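> when you get a sec, could you give me coordinates for this:
(one chain, ligands or ions: 1)
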Amino acid sequence: MMNYSKSALSTIPKAKKNPFFGNTLDFVRNPLSFLEKMQKEFGEAGLVKLNLVNRDFFLVLTPEDTKHVLQENNRNYHKSEAYKVLAIFLGNGLLTSEGDFWRRQRKLAQPAFYKQRLALMVEMMNEEVMNLLKRWEQHTKNEALDMSEEMLNLTLRIVTKALFSTDVKHRLGGISESLNEIMHFADNTLKSFIRFPLHIPTPRNQRFKRAVEKVEAVIYSIIEGRREELKQDENVRYDDLLDMLIHAKDEETGETMNNQQLRDEVTTIFMAGHETTANALSWALYLLSKNTDVAQKLREEINTVLGEDGMPTFENVRELRYTLQVVQEVMRLYPPAWIMGRKALGEDQLSGHPIEANTYLILPIYLLHRNPAYWQRPNEFYPDHFLPENTKNRPTYAYIPFGGGPRMCVGNNFALMEMQIVLALLIRKMDFLLVEKNETKPDPLVTLRPKKALKMKIKTVDR
Ligand code: HEM
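Alright, predicted model coming up:
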């Protein structure tokens, strides 16, 4: 038990606040510029106390404290209340569960993301991108496309196939609208001060419930279909994530997951596994269209490694080093998961200040990624930030697009490989031209999305 005097607690730096609203209005009006202001004022202190919606939060500003929370003392922290909004839909899946239950589920799900499993996904990813290129060929060249939407559809198709193979296409009709509805609901709920409990039939609550029911019905019918097939022939196996999850067995008890647990894990992977990646890809196309020198260098690497018509393989993707640097740099500037929240279970210490039990922490990934102490050109698109000579002296927790410690994103290698493959195949063949005056800014919702529709024209590369 740590004992702190009142004076030790009072030395914790505090942001100036409004007597009625605390820091809520400033934060909600423009979260990113508010965070940047906090970084400037309190960066040296490493920690600052904020008051949001009548509750105290500590904003953690250093990689060292972030590492302490996510890794060194991770058992002292649970996810914060904001994740409860996600849990309404994701249930007790990996992203939202805690403690021993989470530990067991993570152990069961982890092998689905091992390298040999990912290797099986490469061809499927290639096929989906090639189908997209074919669809684009039929598209009138002068008409602009909304690239955020294109990338969202692409990553949704990829994660669907990764989870369920190819046999479920017909059952997924209309699901993307429902997913959209669910994401909007989560965004709005996190942003608004007044939340109507779900049992109050507001139009938004009703739409959300209908969307959840629709997605849930599809997922349950797929799970039940698989179970039925296994009843007919217990040796039926698929090369997909659902197959791994259905067969995953607890080492100690020999138990497998029931339908409810499968539903929660599948839904979590479904949601966590496509919107984030789509955002990163949209930002990549945006940044490449504005940095043609980087796009050119990227295309040279792709042509050297893959040739004019060669396809990515699990082996040659590793040679796409500059492509990886580009992906890393995109997620530095625009981390899809731009902020994370935690709650301290017991007392702790951060930047020399005492942290009491039940304290809420905000971990602003966005700020770490733009802190001038760790980045030569913090606000520029500069993939050389990720050259080995530039990364070696940087604290690991200065760059955490996938979080860190035991709760680090289970799909990180899947996502990195997917983004390399998508970019390699698209950039080899296409130039992406941003429609004029359509500059965009990041919109910090549940994930960091481009604020406006990302309208782009596409043009086949001249050879
Ligand atoms: C660019 C793409 C992605 C980004 C930036 C991203 C980011 C993150 C972050 C930051 C976390 C940790 C959240 C926290 O600790 O509070 C996380 C967790 C998670 N992600 Fe991802 N993710 C991406 C892609 C994926 C993909 C492709 C999948 C699955 C196919 C996935 C599945 C998950 C799951 C299941 C968790 C919860 C892990 C756990 O707590 O055990 N993510 N992700």
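> got the contact list for the residue of the stretch 201-350 of the chain found nearest the ligand?
Relative to the ligand, the nearest point of the stretch 201-350 of the chain is Gly273 (3.0 Å; CB to the nearest ligand atom). C-beta here means a position set from N, CA and C on the backbone, and glycine is covered the same way. Going by CB atoms under 8 Å, 6 or more residues apart in numbering, Gly273 touches Thr155, Val159, Ala162, Leu163, Gly411, Phe414, Ala415.
> count of residues packed around the second one?
Spelled out, it's Val159. Other residues near Val159 come to 24 when the count uses other CB atoms under 10 Å.
> let me know the pLDDT of Glu252.
You'll see Glu252 listed with a pLDDT of 87.
> bridging residues for the nearest residue to Ala144 once chain neighbours are set aside?
Nearest non-adjacent residue to Ala144, counting by CB to CB, 6 or more residues apart in numbering: Lys455, 4.1 Å away. Counting by DSSP bridges, Lys455 is bridged to Asp146.
> isn't Phe42 up against Thr62?
No. Look at Phe42 against Thr62 with CB atoms under 8 Å: they stay out of range, at 10.6 Å.
> can you tell me which two in the contacts of Gly273 are farthest apart?
Leu163 and Ala415 (14.2 Å; CB to CB).
> which residues are in contact with the residue in the stretch 351-463 of the chain positioned nearest to the ligand?
Distances between the stretch 351-463 of the chain and the ligand by CB to the nearest ligand atom are smallest at Gly411, namely 2.2 Å. Residues in contact with Gly411 (CB under 8 Å, 6+ apart) are Phe113, Ile269, Ala272, Gly273.
> can you check the pLDDT for the second one?
If you check Ile269, the pLDDT there is 95.
> give the contact list for it.
So Ile269 contacts Gly93, Leu94, Val159, Leu163, Leu241, Gly411 (CB under 8 Å, 6+ apart).
> okay, buried residues for the strand or helix carrying it please.
In this assignment (DSSP states H and E), Ile269 forms part of helix 259-272. Neighbour counts using 16 or more other CB atoms under 10 Å place Gln261, Leu262, Arg263, Asp264, Glu265, Val266, Thr267, Thr268, Ile269, Phe270, Met271, Ala272 of helix 259-272 among the buried residues.
> what's the next helix-or-strand element following that helix packed up against?
Sequence order places helix 275-290 as the next helix or strand after helix 259-272, per DSSP H and E. Of the remaining helices and strands, those touching helix 275-290 by 3 or more CB pairs under 8 Å, 6 or more residues apart in numbering; DSSP states H and E are helix 147-164, helix 292-306, helix 321-333, helix 412-429, strand 430-434, strand 448-450.
> now those in CSV, with mean pLDDT?
Compiled in CSV, those are given as follows (pLDDT from 0 to 100):
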stretch, mean pLDDT
helix 147-164, 93
helix 292-306, 97
helix 321-333, 98
helix 412-429, 97
strand 430-434, 93
strand 448-450, 92
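> ok, Arg204 touching Ala186?
No. Between Arg204 and Ala186 there is no contact, the gap being 11.4 Å when judged by CB under 8 Å.
> out of the two, which sits in the more crowded spot?
Shown here are Arg204 and Ala186; by other CB under 10 Å, Ala186 has more neighbours (20 against 15).
> list the buried residues in the strand or helix carrying the more buried one.
Using DSSP H and E, Ala186 sits in helix 175-191. Using 16+ other CB under 10 Å as the test for burial, helix 175-191 gives Ile175, Ser176, Ser178, Leu179, Glu181, Ile182, Met183, His184, Phe185, Ala186, Asp187, Thr189.
> out of those residues, who's near the ligand?
Among the buried residues of helix 175-191, no residue sits close to the ligand (CB under 6 Å from any ligand atom).
> if we can go back for a sec, just among the contacts of Gly273, which is most surrounded?
Ala162 (28 neighbours).
> contact partners for that residue?
Met121, Met124, Asp240, Leu241, Gly273, Phe414.
> could you identify the most distant pair in the residues you listed?
Met124 and Gly273 (13.6 Å).
> related to what we said a few turns ago, tell me the two of the contacts of Gly411 that are most distant?
Spatial extent of those (CB to CB) is set by the pair Phe113 and Ala272 at 12.1 Å.
> now do the lengthiest helix in the chain: which elements does it pack against?
Longest helix in the chain by number of residues, with DSSP state H as the criterion: helix 203-232. Counting contacts by 3+ CB pairs under 8 Å, 6+ apart, helix 203-232 packs against helix 175-191, helix 241-247, helix 259-272.
> and the shortest one, does that touch the ligand?
Yep, that's helix 241-247 we're talking about. No. Helix 241-247 is not in contact with the ligand by CB under 6 Å from any ligand atom; minimum separation 7.4 Å.
> just give me how far that helix sits from the chain centre.
Centroid displacement of helix 241-247 relative to its chain, using CA atoms, centre = their mean, to the nearest Å, is 22 Å.
> thank you kindly, that will do.
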